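Colleague: sharing a model prediction with you, sequence too.
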Amino acid sequence: MRKKWLSFLSLAVGTMLLGSLIAGCGGTKADSKDIKIGGNFELTGNTANFGNQTLNGFKLAFKEANAAGGVLGKQINFIVADNKSEPSEATNAITKLITQDKVVAVIAPVTSSNVLATLQIAQDHKIPLLTATGTNPKITVDDNGKVRPYAFRSCFIDPFQGTIMANFATKSMKAKTAAIYIDNSSDYSKGLAKFFEEAFIANGGQVVAKEAFLQKDQDFKSTLTKIKSVNPDVIFIPAYYEEVGKIVKQSRELGITIPLLGTDGWDDPKIVEVAGAASLNNGFFSNHYSPQDTDPNIQKFVAAYKQEYGQNPSALAALGYDGGKMIVDAITRAGSTDPAKIRDALEQTKNLQVSTGILTLDSNHNPVKSAVVIEMKDGKQSFKEKINP
Ligand code: PHE
């Protein structure tokens, strides 16, 4: 009898405890003790280096905010999910962050295709979403030209990046003809191919070959042989480091010595590992920032990052840090953790000092920011020029 009573008691207490635990996690967003922000990152898979770098940048920004007393007196609780570098997994990750973890804002994946796969869910739940790195224009503006109310970013967009590299080809490389080699599995790559082509033609250039590959392809030699046969002045390869590394290596093996041009997707040390330092010489790509830039704000960020992680921040880390600053700034100005109010405040982001400059969002939720061109020299990135919008 007594035993029964005891087990009833423990069951009751257990249930109560469990109940309060559940209430603790799922309780109303506004009155919870911390501020839950979700992070949806490529922690494993094809673009895992990107995801981890960007995550480091966000973590540093949130750590600084928490150390300074938090935001609205509350600590940021950054809950991170792995999207495995796949759009379908990115959709799962954002669903979990919003419906189970009850985050008040979500940091979107790194690569454009993965970001695009999450937009509808953020919109349906009316949770603001910010990508630090996704540069495809469709992330913030839909196919009908309408601004997506809940989508924001802290990086420039691909029409700018594509134009920069087209101008670089025409002016600096004196190119009259170009080949474009596209990653057909990526919205980022397909968009950039188009923007580069438009700008290169506007400059009086001619695109003499357009070829495609898919992520995880290994052998590019037959296509590269085709490209070689039309004898272009440059090859534009807007893609990510894993495949670009192999393409660069195999093109040099085939005796292709012309300049190879790319975009921010080249920005990872792994590219040197895969391609080899010598093959990357005569390789140039557009990027968001360079740690060699002497701008004092950039140097301040580089020093803080080095202190935390013992290495130079990549562009992704800088963008992640900037994105973190944007979120902190928006919640502070909103004076509330209500997602709708955070959204409204994000839209008003103005003159915010971030690592890569002073950030103001335009009416399409995109920052107006400068870009840099990087040259690969014996396996090292060398800062070539800075281009203002
Ligand atoms: N811009 C890339 C995309 O949209 C992601 C990226 C950003 C990669 C910055 C490297 C550096 O897919």
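Modeller: Alright, I've got the coordinates.

Colleague: all contacts plus neighbour counts: C-alpha atoms, from now on.
Modeller: Fine.

Colleague: which stretch of helix or strand covers the most centrally placed residue in the chain?
Modeller: Of all residues in the chain, the one closest to the mean position by CA atoms, centre = their mean is residue 133, 2.2 Å from it. Counting by DSSP states H and E, no helix or strand carries residue 133.

Colleague: residues contacting residue 186?
Modeller: If you count contacts by CA atoms under 8 Å, 6 or more residues apart in numbering, residue 186 has them with 112-113.

Colleague: tell me how far it lies from the ligand.
Modeller: Counting by CA to the nearest ligand atom, to the nearest Å, the separation of residue 186 from the ligand is 8 Å.

Colleague: next one: residue 75
Modeller: 28 Å.

Colleague: repeat that for residue 72.
Modeller: Residue 72 sits 30 Å away from the ligand, going by CA to the nearest ligand atom.

Colleague: let me know the pLDDT of that residue.
Modeller: At residue 72, the predicted lDDT confidence score is 98.

Colleague: over to residue 20?
Modeller: With respect to pLDDT, residue 20 scores 39.

Colleague: check residue 33 too.
Modeller: Turning to residue 33, the model gives it a pLDDT of 88.

Colleague: again, but for residue 389
Modeller: The model reports residue 389 with a pLDDT of 86.

Colleague: please name the nearest non-neighbouring residue to it.
Modeller: Excluding the flanking residues, the one nearest residue 389 by CA to CA, 6 or more residues apart in numbering is residue 370, at 5.7 Å.

Colleague: quick one: that neighbour and residue 358 touch, right?
Modeller: No. Using CA atoms under 8 Å, residue 370 is not in contact with residue 358, being 10.0 Å away.

Colleague: so for these two, which residue has more residues nearby?
Modeller: Counted by other CA atoms under 10 Å, residue 370 and residue 358 do not tie: residue 370 has more neighbours, with 18 against 15.

Colleague: next up, the contacts around the more buried one.
Modeller: Contact analysis of residue 370 by CA under 8 Å, 6+ apart lists 156, 288, 386-389.

Colleague: how about a markdown table for those residues, with secondary structure added?
Modeller: A markdown table is the format used below for the contacts of residue 370 (DSSP: H, G, I helix; E, B strand; the rest coil):
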| residue | secondary structure |
| --- | --- |
| 156 | coil |
| 288 | coil |
| 386 | strand |
| 387 | strand |
| 388 | coil |
| 389 | coil |
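
Colleague: only the buried subset of those, as a PyMOL command please.
Modeller: A single PyMOL command selects the buried members of the contacts of residue 370 (16 or more other CA atoms under 10 Å):
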select buried, resi 156+288+386
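
Colleague: can you tell me which residues contact residue 353?
Modeller: Contacts of residue 353 (CA under 8 Å, 6+ apart): residue 359.

Colleague: secondary structure element holding it?
Modeller: strand 352-354.

Colleague: after that strand comes which helix or strand?
Modeller: Next along the chain after strand 352-354, taking DSSP H and E as the criterion, comes strand 357-359.

Colleague: downstream of that following strand, the next helix or strand is which one?
Modeller: Under the assignment DSSP H and E, the closest C-terminal helix or strand after strand 357-359 is strand 371-377.

Colleague: ok, residues contacting that next one?
Modeller: With CA under 8 Å, 6+ apart as the test, strand 371-377 has contacts from 156, 161, 277, 280-290, 381-389.

Colleague: so which of the residues you listed belong to helices?
Modeller: Those of these mapping onto helices are 161, 277, 280, per DSSP state H.

Colleague: just curious, which of the residues you listed is nearest to the ligand?
Modeller: residue 161 (9.3 Å; CA to the nearest ligand atom).

Colleague: surely that closest one is in contact with residue 262?
Modeller: No. Assessed by CA under 8 Å, residue 161 is found out of contact with residue 262, at 9.6 Å.

Colleague: what touches both of those two?
Modeller: Taking CA under 8 Å, 6+ apart as the contact rule, the neighbours common to residue 161 and residue 262 are residue 286.

Colleague: tell me which parts of the stretch 51-200 of the chain are close to the ligand?
Modeller: Applying CA under 6 Å from any ligand atom, one finds that the stretch 51-200 of the chain approaches the ligand through 110-112, 133-136, 188.

Colleague: for residue 214, state which of those is nearest.
Modeller: Using CA to CA, residue 188 is the member of these that lies nearest residue 214, at 12.7 Å.
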